[in-house]
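> fold the following.
(2 chains)
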Amino acid sequence: MAGLVTTFGSGAMTNSIREIGDASCILAIGTNTTEAHPVIGLEIKRAVRRGGKLIVANTREIELVSIADIWLRHRPGTDVALLMGMARVIVDEGLHDTAFIEERCENFDALKESLKKFDLDFVAKTTGIPSGKIVEAARMYAQNSPAAILYAMGITQHSHGTDNVIATANLAMLTGNVGKPSSGVNPLRGQNNVQGACDLGALPNVYPGYQSVADAAIKEKFEKAWGAELSDKPGLTITDMFAAADRGEIKAIYVVGENPPLSEPDALHAIETLKKLDFLVVQDIFMTETAELADVVLPAASFAERDGTFTNTERRVQRVRKALDPPGDARSDWWITSQIAQKMGMKGFDFISSSNIFDEITSLTPSYGGISYERLENGGLQWPCPDSEHPGTPILHTAQFARGKGHFVPLEYRESAELPDDEYPLLLTTGRSLYHFHTGTMTRKVKDLNNLLGEGLIDINPVDAEKLSVSDGELVKVTSRRGNITARANVTEVSDEGVVYMNFHFAESSANVLTNPVFDPVAKIPEFKVCAVKVEKNSH
Amino acid sequence: MGDITLTIDGIETRVSEGMTVLEATQQAGIYIPTLCYHPDLAPYGACRLCIVEIEKMRGLPTACTTPATNGMVVQTNTPQIQEFRRGILELLLSEHPHPCLTCWRRDKCGPFDICLRNVDVTQRCVLCPNNGNCELQEVVDYVGVETVDLPFTSRGLPIDRENPFFERDYNLCILCGRCVRVCQEVRGVGAIAFTSRGSETLPGTAFGRLLRDSDCKYCGACVDVCPTGALVERNRKWEGAPDSKVATTCPYCGVGCQLELGLKDGRIMEVTPLRENDVNRGQACVKGRFGIPEFVHHTDRLTTPLVKKDGAFQEATWDEALELVASKLSGFKKEEVAVMSSAKCTNEDNYVVQKFTRTAFGHNNVDHCARL
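The predicted structure follows:
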């Protein structure tokens, strides 16, 4: 997100899901779309059926590879080299959109200068892709307009994730692929309401609508509206919170619907940290791994038992409607939080309904200003939607970038923090399966989904499997510098030589016990996609 | 593209260029019977039921495959057309159980009545899970088939119950090809195709393998487009129609598919993707389509506040739990408290959580799992 804010001025998907199928070229990098966002996968297939070109950049032979025009199997963590290499080819061959760059962008010369380091030999050597293929991909992307870039956590979950994102934005600006239909840079958000949680200010540095906490005028506006004294100092991110809790500086945490023991990197350490707390409150629909550690557990209503709104990956605010009464004494999350606030003697939490809260949201959040429950009855609305007459915004940056001029950012290639070595010779990367969701709190409760995929598999290339004399279906021990787990080997060419892959849905073989808690310095996203492991036959 | 005008059953209709005769007719509010047609699929022209008469055109063209042109004069319901449709339906019904469809006392027959006179148990519509929701019934009623003179041949196939989500009873299949086409055209998967030839033709996987050994992703699109009871969701098979329906947004990934929850007796009996929207347009994935009711109604759901005493959780009232949380949180120094919100909760929840953190503790230590 930080990468797109720097370059474009807004960190959300620039275009809409529906437009993807009309693109002339799609570059899908770091996204296994058909598994993690199946319905967006359908749009990619639609584009290909219409004759659009598809470039897939992924270390794994995912489903989309079978319909791709070009498959770039780059080594995990070398995205910057690949994307800057493509940019270099585009500039060298004069395929860039000079009019767009001159009119809409700035700092092009600095980018050009930094491209000098990304000659084809270097890029081919770093990424492991033959230089001819890189040239071919660069030309395909530049010459088939409109071209859309799609990416997901395969781009962001790196110690240099912000650089990766900037590299995609550079490429899109270079070819004039911003601000028009079926183009743009499109981060696919993983969870149902990541976009909304960010939009509504569940972030340490911004109020709802990305209004900076450090801005004095904004602070004053919220102080006035909320009748409380606020801080202009950005707060702690989740990863900072864990570090502070580890040091004993944070003593109490209130967790609403999160399950850090499975989703945090170096999960064993995260559990130890939570145990150190003096007081832990967990609010969830199930007794999660986190709730087990809590002092107080508060039962929440599920999505089917409450009214509200979710904002999807294309910035579309859509209604959630109450279909059932919650089981037992379970309550909506907002009700619980408001009650705690009231018991603490606070004013401004006497909400009576979700629409009541939504009205307060729209009065303080300019990009949501024109949205109301009434309007949402006729279908979702995409922000920015500043007033009640505004139709919503399917495409961002049409006339100018949110920050004014699109800002090219020169980049350097940096290696991932932990690469395979003699002791830990394999590179582990993680991802999602079609059949499960995130930490499995919901999907692991569904018997039939567990029948289809009920345990954590580790995908391993036949060549590596033979070296380790591991056969398909055998239990293996996977060890990293953080810990070890047992998982069943899935010997498959889907995984490249030297690379192993796991899902992170399974508590029994939790991939995040292994992952490396190093972070992108700007976005504070952990490096889930690259760490070094060794795989051994299970001695039992 | 501009507009064109055509006359359908004597009614002048203005439609946009590029529409088929069938689409133009539907826009004019006139019903033409169809079975293989589906708005999300390319025109196919297999069932031949949408035949119409068009002035200055030979024969009886199918409305679904004929482009509408300016000045066209179309008849959708002449005695000749209906006669042809009856013939087509008779052929079709010679392989689909149908005695109930042509029974004179069908309207009087309830789901639990025992029919002594007319119909074998295995052939009764009232014992089909799709009864009342069947497009074949609808078409037969419109065309009006009184008798089927051709002998009925039962295919005698076992019901395929191999996959966990839906059952496949090809004794009820009318070979409209919608399932095959949606899997290929919309889902881009092609797990099933027509297999065998002639009277043996049926939809199936390559080499008759199990669905789980095919490329099937269990999205359920084939079930949603099936006009008969051939493909039926297992969990709702004998539930009948839902009491009520609620439109909502899927709680899984960030796509935000629009779904409809069908409710019966206070439970979600089925979840179907909605068509009229710009997000998923009638599609979903296995998680949204089949993976919701079980977790919502799971017995492990938390139903009461719990407070840990001596290492074990004990049930508490809301008042006790809230008082405890409020007093405990107030007891720390403000900077010693942090709050984690959630990307699974609603916008309203997230707003309240961040407002609470910022106003109660005077700092901004609030975050959620966007990065994970």
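> quick one: the helices in the stretch 251-372 of chain B?
Secondary structure of the stretch 251-372 of chain B, counting by DSSP state H, counting those that start in this stretch: helices at B:286-290, B:293-296, B:318-331, B:347-361.
> ok, residue A:121 to residue B:70 distance?
Distance, residue A:121 to residue B:70, by Cβ to Cβ, to the nearest Å: 62 Å. Quick note: C-beta positions are derived from backbone N, CA and C, even for glycine.
> hang on, I meant residue B:179
Distance, residue B:179 to residue B:70, by Cβ to Cβ: 36 Å.
> same deal with residue A:70?
44 Å.
> if you count surrounding residues, which of these two has more?
Set side by side, residue A:70 and residue B:70 show more neighbours around residue A:70, with 18 against 10, by other Cβ atoms under 10 Å in any protein chain shown.
> residues contacting residue A:220?
With contact set as Cβ atoms under 8 Å, 6 or more residues apart in numbering or on different chains, residue A:220 has no partners.
> Three-state assignment for residue A:517, please.
At residue A:517, secondary structure determined by DSSP: H, G, I helix; E, B strand; the rest coil is strand.
> touching, it and residue A:265? I think so.
Yes. Between residue A:517 and residue A:265 there is a contact at 4.2 Å, judged by Cβ atoms under 8 Å.
> what secondary structure does the residue in the stretch 51-200 of chain A that chain B sits nearest to sit in?
Residue of the stretch 51-200 of chain A nearest chain B, by Cβ to the nearest Cβ: residue A:189 (3.4 Å). Here residue A:189 is coil, with the state taken from three-state DSSP.
> tell me how many other residues crowd the residue nearest to it when sequence neighbours are not counted.
Distance criterion Cβ to Cβ, 6 or more residues apart in numbering or on different chains; nearest residue to residue A:189, sequence neighbours excluded, is residue B:254 at 3.4 Å. For residue B:254, the neighbour count with other Cβ under 10 Å is 26.
> show me the contacts for residue B:254.
Applying Cβ under 8 Å, 6+ apart to residue B:254 gives the contacts A:37, A:188, A:189, A:190, A:191, A:192, A:193, A:194, A:195, A:312, A:313.
> okay if I get the residues you listed as a markdown table plus neighbour count and pLDDT?
Below are the contacts of residue B:254 laid out as a markdown table (neighbours: other Cβ atoms under 10 Å in any protein chain shown; pLDDT from 0 to 100):
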| residue | neighbour count | pLDDT |
| --- | --- | --- |
| A:37 | 26 | 93 |
| A:188 | 24 | 91 |
| A:189 | 28 | 88 |
| A:190 | 24 | 83 |
| A:191 | 23 | 87 |
| A:192 | 29 | 91 |
| A:193 | 35 | 93 |
| A:194 | 28 | 91 |
| A:195 | 28 | 93 |
| A:312 | 29 | 95 |
| A:313 | 27 | 94 |
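> out of the residues you listed, who's nearest residue A:83?
Checking the contacts of residue B:254 against residue A:83 with Cβ to Cβ, the nearest one is residue A:188 at 17.1 Å.
> so residue A:299 touches residue A:335, yeah?
No. Under the criterion of Cβ under 8 Å, residue A:299 makes no contact with residue A:335, lying 11.4 Å away.
> more crowded one of these two?
Just comparing residue A:299 and residue A:335: by other Cβ under 10 Å the higher neighbour count belongs to residue A:299, 25 against 21.
> make sure the more buried one is indeed in a strand.
Yes. Under three-state DSSP, residue A:299 falls within a strand.
> next up, the contacts around it.
With Cβ under 8 Å, 6+ apart, residue A:299 has these contacts: A:283-285, A:326, A:328-331, B:301-306.
> any idea how far residue B:235 lies from residue A:441?
Taken as Cβ to Cβ, the span from residue B:235 to residue A:441 is 21 Å.
> hmm, I was thinking of residue A:482
Residue A:482 is 23 Å from residue A:441, by Cβ to Cβ.
> who's more crowded, the two?
residue A:441 (24 against 18).
> so residue A:376 touches residue A:317, yeah?
Yes. With contacts counted by Cβ under 8 Å, residue A:376 reaches residue A:317, the gap being 6.6 Å.
> and for the two, which residues touch both?
Jointly contacting residue A:376 and residue A:317 under the rule Cβ under 8 Å, 6+ apart are residue A:309.
> neighbour-wise, which of those two wins?
Set residue A:376 next to residue A:317 and count neighbours by other Cβ under 10 Å: residue A:317 wins out with 27 against 17.
> pull up the residues of the stretch 51-200 of chain A that are close to chain B.
Residues of the stretch 51-200 of chain A lying close to chain B by Cβ under 8 Å from any Cβ of the partner chain are A:67, A:156-157, A:188-200.
> could you list which of these belong to helices?
Residues of these located in helices (DSSP state H): A:156, A:194, A:195, A:196, A:197, A:198, A:199.
> which residue ranges make up each domain of the chain?
I'll assume chain A. Structurally, chain A divides into domains by automatic domain parsing as follows: A:2-188, A:194-382, A:426-537.
> wait, chain B was what I had in mind.
If you go by automatic domain parsing, chain B breaks into B:3-77, B:83-143, B:155-241, B:242-296, B:332-371.
> now residue B:156. Nearest residue, chain neighbours left out?
Closest to residue B:156 by Cβ to Cβ, 6+ apart is residue B:171, at 7.3 Å.
> distance check, the one you found against chain A.
24 Å (Cβ to the nearest Cβ, to the nearest Å).
> using the three-state scheme, assign that residue.
helix.
> can you pull out the strands in the stretch 201-350 of chain A?
Ranges of strands in the stretch 201-350 of chain A, per DSSP state E, counting those that start in this stretch, are A:206-207, A:211-212, A:252-256, A:279-284, A:296-299, A:308-311, A:316-320.
> next up, the contacts around residue A:106.
Contact analysis of residue A:106 by Cβ under 8 Å, 6+ apart lists A:405, A:406, A:407, A:408.
> give me that answer again for 7 Å
Counting by Cβ atoms under 7 Å, 6 or more residues apart in numbering or on different chains, residue A:106 touches A:405, A:407.
> over to the one 10 residues further on?
Taking Cβ under 7 Å, 6+ apart as the contact definition, residue A:116 lies against nothing.
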